[in-house]
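J.: need coordinates for the following:
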Amino acid sequence: MEPDAPPEQSPDAGLTTDFRRKMSYGDYLGLDVLLAAQKPVSDQHDEMLFITIHQVQELWLKLLLHELDLAIGCIREDRLRPAFKAMARVSRIQRQLIEAWDVLSTMTPHDYLAFRAHLGSSSGFQSWQYRALEFRLGAKEAFMLKPHAHRPELHAELRAALEAPSLYDEALRLLARRGYPVPAEVLERDFTRPHESHPAVTAIWAGIYAKGEREFDLYELAEELVDVEDSFQTWRFRHMRTVERIIGYARGTGGSAGVAYLRKAIERRFFPELYEARTELA
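T.: Down below sits the predicted model:
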């Protein structure tokens, strides 16, 4: 006679189901607050899409700033490996931001115009996190502080980012510490203004690229920087084309120039010498 077979046990028998005294998934993520933050001001179906896309972008921007702060700090401390990891993550986050425009582009001009008037003077131009991101990447413009003057704590944070060395400034300081002849006027410049291309810096990067594996960590630093800029410019381009697709060349909410402003932004480089070095090597 065969022994009785053991009773079958459910694969989720150990699953926690009583959360009266335990932290749940929703508790940890603050989902009650997060999912209550979508509050359309019209009765138009597509406004939920518009709100959700922009809120998701703000969450990604928060993570971008978190990773860039780590990268900047690590480069300042000559710790390049964790800086590379953070910068690689930045590039991958940027891909998510780029893909978001594909979702938003499913909204037609008619869909958007049905609720646009309800947006008042609000505009993505006023995103303080986006401005903080641009400042960290070197797109410095003091005028961009003005939309945040009514929020002293945010204004102070953005002012500090405007005055601080950017990601690229820290990379150039690293080159100087490694013995490369980075001009003093580049290292000691006014950080509230955007970096301008310098032929001596172009020559330094061209030399690093020419050495290849003999200066591999600096070579990799250069490529991580290019990845960040390339992804950011792709994001800018997709933003411009999405706006063009939905509102054409009309002015944006909040008084921005819309597509005209976005098109000019695409032409501005964060790390110009890294691209000029390629011309010298060709």
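J.: in this protein, which spans are strands?
T.: Taking DSSP state E as the criterion, the chain carries no strands.
J.: what bits of it have low per-residue confidence?
T.: 1-13, 252-257 (pLDDT under 70).
J.: longest helix anywhere in it?
T.: helix 216-247 (DSSP state H).
J.: just checking, what packs against it?
T.: helix 80-104, helix 109-116, helix 128-137, helix 167-177, helix 199-211, helix 259-266, helix 272-281 (3 or more Cβ pairs under 8 Å, 6 or more residues apart in numbering; DSSP states H and E). In this view, the C-beta of every residue, glycine as well, is placed from N, C-alpha and C.
J.: quick one: neighbours of Q233, just the number.
T.: Using other Cβ atoms under 10 Å, Q233 is surrounded by 17 other residues.
J.: ok, it - contacts?
T.: I266 (Cβ atoms under 8 Å, 6 or more residues apart in numbering).
J.: repeat that for Q44.
T.: Applying Cβ under 8 Å, 6+ apart, the residues near Q44 are D111, A114, F115.
J.: buried residues of the longest helix of the chain, list them for me.
T.: 218-219, 221-222, 224-229, 231-240, 242-243, 245-247 (16 or more other Cβ atoms under 10 Å).
J.: can you check stretch 137-157 too?
T.: For stretch 137-157, by 16+ other Cβ under 10 Å, it's L137, G138, A139, K140, M144, L145, P147, H148, L154, H155, E157.
J.: closest one of those residues to Y180?
T.: G138 (18.9 Å; Cβ to Cβ).
J.: starting at the chain centroid, how far to the longest helix of the chain?
T.: Helix 216-247 sits 10 Å away from the centroid of its parent chain (Cα atoms, centre = their mean, to the nearest Å).
J.: what's the answer for stretch 197-205, then?
T.: Distance, centroid of stretch 197-205 to centroid of chain: 26 Å (Cα atoms, centre = their mean).
J.: for the closest residue to E215 other than its chain neighbours, grab the count of nearby residues.
T.: The shortest distance from E215 to any non-neighbouring residue, by Cβ to Cβ, 6 or more residues apart in numbering, is to I208 (5.0 Å). Using other Cβ under 10 Å, I208 is surrounded by 22 other residues.
J.: from what I can see I208 touches E220, true?
T.: No. Between I208 and E220 no contact is recorded; they are 10.1 Å apart, counting by Cβ atoms under 8 Å.
J.: so which bits of stretch 43-57 are buried?
T.: Q44, D46, E47, L49, F50, I51, I53, Q57.
J.: out of those residues, who's nearest R269?
T.: Q57 (22.8 Å).
J.: check contacts around I266.
T.: Contacts of I266 by Cβ under 8 Å, 6+ apart are Q233, R236, F237, M240.
J.: from F271, how far off is the third one?
T.: Relative to F271, F237 is positioned 17 Å away (criterion: Cβ to Cβ, to the nearest Å).
J.: for R136, which non-adjacent residue is closest in space?
T.: L68 (5.0 Å).
J.: hmm, S91 and that neighbour touching each other?
T.: No. Between L68 and S91 there is no contact under Cβ under 8 Å: 11.3 Å.
J.: the two - which one has more neighbours?
T.: When neighbours are counted by other Cβ under 10 Å, L68 comes out ahead of the other of L68 and S91, with 21 against 17.
J.: ok, now which ones touch the more buried one?
T.: A86, V90, L133, R136, L137, L167.
J.: correct me, but the second one touches L64?
T.: Yes. With contacts defined as Cβ under 8 Å, V90 counts as touching L64 at a distance of 5.9 Å.
J.: rewinding a little: can you pull the contacts of the residue nearest to E215?
T.: E215, L218, Y219, A222.
J.: quick check on the nearest residue to A114 once chain neighbours are set aside: phi, psi?
T.: Spatial nearest neighbour of A114, chain neighbours left out: Q44 (4.5 Å); criterion: Cβ to Cβ, 6+ apart. Q44 has phi and psi values of phi -90, psi 130 when expressed as degrees, to the nearest 10.
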